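Asker: Predicted structure and sequence below. I'll ask about it afterward.
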Amino acid sequence: MSAMNKMLKWIGIAEEDDEEFFDTETDMDEAVEPAMPLGRKAKVSSISGGAPSRVVVIQFQNFDDAKDAADHLKNKKPVVANLEKLDNDTTRRVVDFLSGAVYGVAGRIQNVSNRIFLITPANVEVTGNYQDNIKGFPFVN
């Protein structure tokens, strides 16, 4: 192909030869490598991405246990807080403290039964209809 024909084709005046688009010479000596060699297996990764999730259960003895619960919540671990052994004033203080911690991590605090709370970080969703059993409890949201 001459330089003049190339120029005319580039401008769009001359017609292109169909032969240029088809490779008539096929080299059969070249082996085509398969996409995945036959002897190997593809690596499989777990979708879960790590260790199983854990729920921390804390039987509160005093107000100092609230810090431990808040630390677990900060580390994105759900906490079941059993406040049954605390007096009313300490229970109120613990619930207030944990409510602040929950707000700080955009989580939720839910009353499961009398003085037992489920405290969850933002990445945990709780489903169920347990709320019907605790209506009238003073700490229910």
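Answerer: Cool, the structure landed.
Asker: for this structure, what spans make up the strands?
Answerer: With DSSP state E as the criterion, the chain has strands at 56-59, 79-82, 108-113, 116-120.
Asker: Save those strands as JSON lines, and put in mean neighbour count too.
Answerer: For the C-beta atoms, the positions are set from N, CA and C on the backbone; glycine is no exception. Converted to JSON lines, the strands of the chain look like this (neighbours: other CB atoms under 10 Å):
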{"stretch": "strand 56-59", "mean neighbour count": "14"}
{"stretch": "strand 79-82", "mean neighbour count": "21"}
{"stretch": "strand 108-113", "mean neighbour count": "17"}
{"stretch": "strand 116-120", "mean neighbour count": "21"}
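Asker: any idea which of these scores lowest on pLDDT?
Answerer: Looking at the strands of the chain, the lowest mean pLDDT belongs to strand 108-113 (a mean of 90).
Asker: elements contacting that one?
Answerer: On a contact count with 3 or more CB pairs under 8 Å, 6 or more residues apart in numbering; DSSP states H and E, strand 108-113 meets helix 88-104, strand 116-120.
Asker: can you give me the angle the first one makes with strand 116-120?
Answerer: Pointing back at helix 88-104 there. 20 degrees (axes from the mean of the first three to the mean of the last three CA atoms, to 10 degrees).
Asker: of all the helices and strands packed on strand 108-113, which lies closest to R54?
Answerer: strand 116-120 (12.7 Å; CB to CB).
Asker: ok, now how distant is Q61 from K74?
Answerer: Distance, Q61 to K74, by CB to CB, to the nearest Å: 21 Å.
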